[in-house]
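Asker: What shape does this take:
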Amino acid sequence: MKNNKNSVLFVIPDQYGYSAGYTYYCKYLTKLGYKVGVICLDSGKPKKQLYYNETVFYVNYSKNVISYRLEMLKTIYKVKNDYNNIVLKCFPGVSISLVVLLGKRTWLDIRTGSVRRKKLHRTIENLLIKMESLFFRKIFILSLSLAKELSLPSKKVIWLPLGADEISKKIKTYTDSMHLLYIGTLFGRNLHECIEGFAKFYNENKDKLKLHFDIIGDGPDFDKNKIIDAIDKNQLSQVVMCHGHLLHDEAVYFFDKCNVGVSYIPMIQFYQNQPPTKIFEYVLSGLVCLATNTSANKELIHKTNGVLHDDNPESFYQALNVLYKNRHLYDCSSIKSSLHQFHWEQIVQNSMEKEFNVNR
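Answerer: Below you'll find the model as predicted:
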């Protein structure tokens, strides 16, 4: 097949449709006229319906790492000549792929640093990521702070941030209700602390405005039980609702209904430089964002679109008070426009597609 300059092949070490970003890269690159392919694992999850004329090449997942990695290499070799640009999501051993990609324009895509809890483990994993990066001329990375943490050469790095599409187009108001939404994993997020802070605010203000808190997501029983216990202890079963995991289409209802988004991430080192996708989804849908005061969140959240706070119940309570005090100042269109550059379409056009056109 004739090589197409406007073409890109993504290689990801998990199943397509379950990795943040890649679905949107495909969506907006195909809208720009690109031919798009994805090599990914078939890990047994339901295959996502394809909407954007991308071609997906599935590699059967095996517990034998060598087996499926070899199969992935064979697939890369088989289809590589149909694509002019190759983007490989970082995974252990990713640099071996370059053996079958000689002469191809390749980018390493680093989506995260290590999030292991033990410092020694994080140090080792981050060192391995850095070693993999040595073999690539260009690197996409979601955070310049992460690039600095990994000591990546600035001349190699292209900032490719996380983003979101506008989920809710409904115009929000903020004066007579505070309807909180948390959506995301419950694992290790200490969300019960939010409920403790919310309970204190609720007891002081329940007669002044409508208050509600919806929680969407799943996690280990240990984390879920702490949330349930906090709800029961504070007698909030009619006010704080846990909905478990919902599909995207089901979650849209809550983005329409709610006007405050909660991004509660522990303020520990391995979360400092990695902003959560949900911040972009909240703000671009017009929700005021309550976010923990990490380095990454400081670059995104300000008085126009939210309130920063520490990771404890009292600070969350104080943030709710600030939001309540300033509720007449928030404007839905101003909130949405505050992070407009993080629409996936903008990111693809201004970062990824622009890079593909450099020195073509």
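Asker: need the strands for the stretch 151-300 of the chain, in chain order.
Answerer: Taking DSSP state E, counting those that start in this stretch as the test, the strands found in the stretch 151-300 of the chain are 157-159, 177-183, 210-216, 240-242, 260-263, 288-292.
Asker: Tell me who's in contact with P220.
Answerer: Residues near P220 by Cβ atoms under 8 Å, 6 or more residues apart in numbering: 186-187. For every residue, glycine as well, the C-beta is placed using N, CA and C.
Asker: if we can go back for a sec, columns distance to G197 and mean pLDDT on top of the strands of the stretch 151-300 of the chain, output as TSV?
Answerer: Shown next, in TSV, are those (distance: least, Cβ to Cβ, whole Å; pLDDT from 0 to 100):
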stretch	distance to G197	mean pLDDT
strand 157-159	34	94
strand 177-183	11	97
strand 210-216	11	97
strand 240-242	12	96
strand 260-263	10	98
strand 288-292	10	97
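Asker: so where's the protein shaky on pLDDT?
Answerer: Along the chain, the model assigns pLDDT under 70 to residues 1-4, 20, 114-115, 270, 359-360.
Asker: try 50
Answerer: Where the chain drops to pLDDT under 50, the residues are 1-3.
Asker: in it, what residue sits furthest out from the centroid?
Answerer: Most distant from the centre of the chain: D207, at 36.2 Å, with distances by Cα atoms, centre = their mean.
Asker: Which one of the strands of the stretch 151-300 of the chain lies nearest to Y324?
Answerer: Of all the strands of the stretch 151-300 of the chain, it is strand 177-183 that lies closest to Y324, at 6.9 Å by Cβ to Cβ.
Asker: That closest one relative to strand 288-292, how many degrees between them?
Answerer: With axes from the mean of the first three to the mean of the last three Cα atoms, to 10 degrees applied, the angle from strand 177-183 to strand 288-292 works out at 50 degrees.
Asker: Walk me through which strands strand 177-183 pairs with, and which way each runs.
Answerer: Using DSSP bridges, strand 177-183 pairs in its sheet with strand 210-216 (parallel), strand 260-263 (parallel).
Asker: Please enumerate the helices of the stretch 151-300 of the chain.
Answerer: Using DSSP state H, counting those that start in this stretch, the helices of the stretch 151-300 of the chain run over 191-205, 221-233, 248-257, 277-284, 295-298.
Asker: ok now the fourth one, how far from the chain's centre?
Answerer: The gap between the average C-alpha position of helix 277-284 and the chain average comes to 9 Å, counting by Cα atoms, centre = their mean, to the nearest Å.
Asker: ok, back up a step: how about the helices of the stretch 151-300 of the chain in CSV, adding distance to L98 and mean neighbour count?
Answerer: As requested, the helices of the stretch 151-300 of the chain are arranged in CSV below (distance: least, Cβ to Cβ, whole Å; neighbours: other Cβ atoms under 10 Å):
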stretch, distance to L98, mean neighbour count
helix 191-205, 42, 20
helix 221-233, 40, 15
helix 248-257, 35, 15
helix 277-284, 29, 25
helix 295-298, 30, 18
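Asker: For I228, which residues are in contact?
Answerer: Here I228 is in contact with C242 (criterion: Cβ under 8 Å, 6+ apart).
Asker: try H179
Answerer: Per Cβ under 8 Å, 6+ apart, neighbours of H179: 210-214, 257-260.
Asker: Check the gap between it and V283 for me.
Answerer: 16 Å (Cβ to Cβ, to the nearest Å).
Asker: Distance-wise, check the residue nearest to the spatial centre of the chain relative to W107.
Answerer: Nearest to the mean C-alpha position of the chain, counting by Cα atoms, centre = their mean, stands T277 at 3.0 Å. Distance of T277 to W107, given as Cβ to Cβ: 21 Å.
Asker: Could you do L50 as well?
Answerer: The gap separating L50 from W107 is 23 Å, by Cβ to Cβ.
Asker: Check V322 too.
Answerer: Relative to W107, V322 is positioned 41 Å away (Cβ to Cβ).
Asker: now P92
Answerer: Computed as Cβ to Cβ, the P92 to W107 distance reads 18 Å.
Asker: thinking L211 is in contact with A199, fair?
Answerer: No: the pair L211 / A199 is not scored as a contact, 10.4 Å apart, by Cβ atoms under 8 Å.
Asker: picking that back up, pretty sure the residue nearest to the centre of the chain sits against A164.
Answerer: Yes: contact status for T277 versus A164: in contact at 6.3 Å, counting by Cβ under 8 Å.
Asker: need the contact list for S285.
Answerer: Contacts for S285 (Cβ under 8 Å, 6+ apart) come out as 166-168, 255, 261, 336.
Asker: From those, list just the buried residues.
Answerer: For those, a burial check counting by 16 or more other Cβ atoms under 10 Å picks out 166-168, 255, 261, 336.
Asker: Next up, the contacts around H245.
Answerer: By Cβ under 8 Å, 6+ apart, the neighbours of H245 are 216-218.
Asker: For these, give me JSON lines that also has distance to K45 and neighbour count.
Answerer: JSON lines is the format used below for the contacts of H245 (distance: Cβ to Cβ, whole Å; neighbours: other Cβ atoms under 10 Å):
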{"residue": "I216", "distance to K45": "19", "neighbour count": "18"}
{"residue": "G217", "distance to K45": "17", "neighbour count": "22"}
{"residue": "D218", "distance to K45": "14", "neighbour count": "15"}
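Asker: so can I have CSV of the residues you listed showing distance to I227?
Answerer: Formatted as CSV, the contacts of H245 follow (distance: Cβ to Cβ, whole Å):
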residue, distance to I227
I216, 12
G217, 10
D218, 11
